[in-house]
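Enquirer: I need the structure of the sequence given here:
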Amino acid sequence: MLGAALLGGLLMVSGWAMADEVVPFPKLPEGAGAISAKAPKSFTATESGLKYRILRPGTANKPTAQQRVVVNYHGWLFNGRVFDSSYLRGMPITFGLNQLVKGWTEGLQLVGTGGMIELEIPGYLGYGLQGQPGAGIPPNATLHFVVELIEILGE
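Expert: As a prediction, the model looks like this:
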């Protein structure tokens, strides 16, 4: 059986941050809002295995899985390579929250309008075993995102 310290080291090498582990804040892309001075230094893990931290809380209004949202986001892999970013395209995107990978659907329901969340999505809540070859996302990749929730449509 692996000891907790060894297991923790293996998880970090594989791209997983352990809950309650102090993790530096991500470098935000140009155009992103500020991180709150009260933002947590570690991630919280949900029952599904999604890890998140609220970088800026926003309002009390949070979307449901059935709603459409307007967001800005920045996504990267463990090695730091950015695979998609609405910030880099210069415009937010609108979509149905239940039309995305499971990690996004779950994670965006945790942040309020005007808020910012950081997500660490394990492969099984992301693109799974197939990955997204066209976007350069390998099979079972852990996905990292910073997402700003601009608006919930149809509130």
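Enquirer: Going by C-alpha atoms from here, please, whenever you check contacts or count neighbours.
Expert: Noted.
Enquirer: Tell me which helix or strand in the chain has the weakest average pLDDT.
Expert: Every helix and strand of the chain was ranked by mean pLDDT, DSSP states H and E. The lowest is helix 4-13, at a mean of 36.
Enquirer: Output the contacting helices and strands for whatever helix or strand comes next after that one.
Expert: Next in sequence after helix 4-13, counting helices and strands by DSSP states H and E, comes strand 44-45. Applying 3 or more Cα pairs under 8 Å, 6 or more residues apart in numbering; DSSP states H and E, we find strand 44-45 packed against strand 51-56.
Enquirer: strands paired with the helix or strand just after the strand it packs on, and their directions?
Expert: Counting by DSSP H and E, the next helix or strand C-terminal to strand 51-56 is strand 68-76. Its sheet considered, strand 68-76 pairs with strand 82-85 (antiparallel), strand 93-96 (antiparallel), strand 143-153 (antiparallel) by DSSP bridges.
Enquirer: I'd like those as CSV, with mean pLDDT and distance to Gln130 appended.
Expert: Shown next, in CSV, are these (pLDDT from 0 to 100; distance: least, Cα to Cα, whole Å):
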stretch, mean pLDDT, distance to Gln130
strand 82-85, 96, 16
strand 93-96, 96, 22
strand 143-153, 97, 14
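Enquirer: Val69: which of the ones you listed is closest?
Expert: strand 143-153 (4.5 Å; Cα to Cα).
Enquirer: Need the contact partners of the closest one.
Expert: 26, 28, 32, 62-63, 67-78, 108, 111-123, 126 (Cα atoms under 8 Å, 6 or more residues apart in numbering).
Enquirer: try stretch 95-107
Expert: Counting by Cα under 8 Å, 6+ apart, residues outside stretch 95-107 touching it are 50, 52, 64-70, 108, 117, 119, 121-122, 125-127.
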